[in-house]
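> model this:
(one chain, ligands or ions: 3)
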Amino acid sequence: MDANFPAASPLHVAVIMDGNGRWAAARNLPRSLGHREGVKAVRRIVECAPDLGVGVLTLFAFSVDNWRRPRHEVGVIMELMAEYLRSETDRCVEEGVRVTVLGCTQGIAPALQAAVREAQARTAHGKTLWLRVAFNYSSRDAILSAAARFRRDRDRSRAAFSRLLAQNGEHIAPDVDLLIRTGGEKRLSDFLLWEAAYAELHFTDVMWPEFGAEDLKCALNDFRGRERRFGTVGRAAVGANEAVPAGALAWLE
Ligand code: IPE
Ligand code: IPE
Ligand code: MG
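Ligands and ions are numbered 1, 2, ... in the order given. Alright, predicted model coming up:
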């Protein structure tokens, strides 16, 4: 856990913000406008997340595989990211939102890299919400790179691997509790594959540009109604083993 956050693990919600393009296409608008509306949804969610009990929010904004999209679309997403960081950093500082960006800096314009560094530095003391933006991110790449370093590590625990996976050793987020994907698809698309090992999954047909506080509330209500087991038996099953007749498990021996 990160020293900036209280000992009890904050609720970690991760979101695959999908559906910008389809939202725009359904309105005969260019995909770039879908991405622009998507940024408004990011603002809404960052604003309401702390009041809904979210302590860590990881948003998937651009994947390494998204470079395969048309050049113009990639350019628009890069621009929007820089614009978001420049326009929101003051507000994040005021509201205690710490911003960190996960992902590879390779291929990212120097101006955007500078905007990332500035946002991270200026918001570093925020304690209300930890906003992690996955940009130019691939979970498999992150795992590969951590695995290469892990070979040299004396500590072979899962915790040690998680530390290596967090690119900057000081910033280790708790595992994901709830993973939301908007836009109707039911896949992970190379997002937080290690960190979401026991995450509850919530898929919604709502397109990201339309996602708002009520949708997040609905996902959290769904999450709070789930029974997380982490491999143990469920609450209802505790004591049920006594009911197994003698000899019934003989084949196990
Ligand atoms: C998600 O929306 C945003 C990014 C991947 C950058 P999409 O652009 O994937 O929207 P759809 O899936 O085409 O509707
Ligand atoms: C995942 O969405 C990446 C982001 C939301 C940034 P995609 O739209 O790129 O995923 P696929 O291609 O449908 O799996
Ligand atoms: Mg998509």
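
> so which bits of this structure are right by ligand 2?
For the chain, the residues in contact with ligand 2 (CB under 6 Å from any ligand atom) are 16-18, 60-63, 66, 185, 187, 189. C-beta: built from backbone N, CA, C; applies to glycine.

> for residue 162, state which of these is nearest.
Ranked by distance to residue 162 (CB to CB), the residues of the chain next to ligand 2 are led by residue 60 at 18.7 Å.

> would you mind confirming that that closest one makes contact with residue 136?
No: when contacts are counted by CB atoms under 8 Å, residue 60 is not listed as touching residue 136 (11.0 Å).

> so which of these two has more stuff around it?
Between residue 60 and residue 136, counted using other CB atoms under 10 Å, the more crowded position is residue 60 (26 against 23).

> phi, psi of the more buried one?
phi -90, psi 110 (degrees, to the nearest 10).

> please apply the same query to the one 10 residues further on.
As for residue 70, its main-chain torsions (degrees, to the nearest 10) stand at phi -50, psi 140.

> same check, this time on residue 129
Dihedral angles (degrees, to the nearest 10) for residue 129: phi -150, psi 140.

> same question, residue 146
Dihedral pair for residue 146: phi -70, psi -40, per degrees, to the nearest 10.

> closest point of this protein to ligand 2, which residue?
The minimum distance from the chain to ligand 2, using CB to the nearest ligand atom, falls at residue 189 (3.7 Å).

> what separation is there between that residue and residue 134?
Using CB to CB, to the nearest Å, residue 189 is found at 11 Å from residue 134.

> so what sits against both of those two?
60, 63 (CB atoms under 8 Å, 6 or more residues apart in numbering).

> of those two, who's got more company?
residue 134 (24 against 14).

> just checking, that one is part of a helix?
No: assessed with DSSP: H, G, I helix; E, B strand; the rest coil, residue 134 is strand; it does not lie in a helix.

> these two touch, right, it and residue 191?
Yes: in this structure, residue 134 is within contact of residue 191 by CB under 8 Å, at 6.9 Å.

> what sits in contact with each of these two?
In terms of CB under 8 Å, 6+ apart, residue 134 and residue 191 are both contacted by the residues 60, 63.

> before we move on, back to that, could you pull up the residues touching the residue of the chain closest to ligand 2?
Residue 189 neighbours (CB under 8 Å, 6+ apart): 16, 18, 60, 63, 65.

> what is the burial count for the second one?
What it means is residue 18. Counted with other CB under 10 Å, residues neighbouring residue 18 total 23.

> on the three-state scheme, it is what?
Classification of residue 18 using three-state DSSP returns coil.

> on that earlier part again, what about the residue of the chain closest to ligand 2, distance to residue 199?
Using CB to CB, we find residue 189 at a distance of 14 Å from residue 199.

> swap in residue 90?
Relative to residue 199, and taking CB to CB, residue 90 is found at 32 Å.

> so those two - more neighbours on which side?
With neighbours defined as other CB under 10 Å, residue 90 and residue 199 compare such that residue 199 has more, 20 against 11.

> wait, the more buried one sits on residue 175?
Yes: the criterion here is CB under 8 Å, and residue 199 meets it with residue 175 at 7.2 Å.
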